[in-house]
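A.B. asks: fold the following and give me the result.
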Amino acid sequence: MSDTLQGKLLVAMPGMSDPRFDRTVIMMCAHDAEHAMGVVINKPKEELTLSEVLEQLGLEADEEIADRIVLDGGPVRPDRGYVLHSEDFAAGDATQNVAPGIRLTATRDVLAAVAGHEAPERFLLALGCAGWGAGQLEDELKHNAWLVVDADNAIIFGDEHEDKWGAAIKTLGFEPSQLMGDGGSA
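C.D. replies: This next block holds a predicted model:
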């Protein structure tokens, strides 16, 4: 395994002990010895649209994207927006390369671009993120809480949020029904 999970998808195993992460898929945006950070990409915020978020910032969404769903990116900083997007947008140092073809921007610049006609070709907006302290994620991986899957643009930017968990597992070559929640011992 590589020293970093940045650019990978974390897929919650069945039986995830934290209900906030049940059946989640997380795009890992940063991971080093001190911390890890990712954005949940498959949990819609209840009845919250892009136009409503942009309106709170004094921006008006283009009609084409106004009804897009906003995602619940995780329990850390739920008041902050994180935009995962294609590489056709950058806001200088505020934009971070996450994986080939995937960037993260968490500033108003990207939201203004989305509201106007400068939106990245592919993007999603999530409020909040998932975060881990030093060694915490590694410990969860040792206890089989997560599967690690290569990033896939169709999964990340797809609109069928309820299908992302199963689709991510299927990239490993098996069906979600083949997974068991608890690890065994011999």
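
A.B. asks: wait, Gly73 sits on Val83?
C.D. replies: No. In this structure Gly73 lies outside contact range of Val83 using C-beta atoms under 8 Å: 9.9 Å. Just so you know, the C-beta spots here come from the backbone N, C-alpha and C atoms, and that holds for glycine as well.

A.B. asks: quick one: the strands in the protein?
C.D. replies: Ranges of strands in the chain, per DSSP state E, are 8-12, 25-31, 35-40, 44-49, 69-72, 76-86, 95-99, 102-105, 123-133, 146-150.

A.B. asks: would JSON lines of these with distance to Gln56 be doable?
C.D. replies: Output for these, formatted as JSON lines (distance: least, C-beta to C-beta, whole Å):
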{"stretch": "strand 8-12", "distance to Gln56": "29"}
{"stretch": "strand 25-31", "distance to Gln56": "23"}
{"stretch": "strand 35-40", "distance to Gln56": "20"}
{"stretch": "strand 44-49", "distance to Gln56": "10"}
{"stretch": "strand 69-72", "distance to Gln56": "11"}
{"stretch": "strand 76-86", "distance to Gln56": "10"}
{"stretch": "strand 95-99", "distance to Gln56": "22"}
{"stretch": "strand 102-105", "distance to Gln56": "18"}
{"stretch": "strand 123-133", "distance to Gln56": "11"}
{"stretch": "strand 146-150", "distance to Gln56": "33"}
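
A.B. asks: mean neighbour count and distance to Glu140 added to these, as CSV?
C.D. replies: Listed next are the strands of the chain as CSV, based on neighbours: other C-beta atoms under 10 Å; distance: least, C-beta to C-beta, whole Å:
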stretch, mean neighbour count, distance to Glu140
strand 8-12, 25, 9
strand 25-31, 24, 11
strand 35-40, 24, 10
strand 44-49, 14, 24
strand 69-72, 20, 19
strand 76-86, 18, 15
strand 95-99, 18, 20
strand 102-105, 22, 22
strand 123-133, 21, 8
strand 146-150, 17, 6
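
A.B. asks: columns distance to Trp165 and mean pLDDT on top of those strands, output as a markdown table?
C.D. replies: A markdown table is the format used below for those (distance: least, C-beta to C-beta, whole Å; pLDDT from 0 to 100):
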| stretch | distance to Trp165 | mean pLDDT |
| --- | --- | --- |
| strand 8-12 | 7 | 97 |
| strand 25-31 | 6 | 98 |
| strand 35-40 | 11 | 97 |
| strand 44-49 | 13 | 90 |
| strand 69-72 | 13 | 96 |
| strand 76-86 | 17 | 95 |
| strand 95-99 | 19 | 96 |
| strand 102-105 | 19 | 96 |
| strand 123-133 | 15 | 97 |
| strand 146-150 | 10 | 96 |
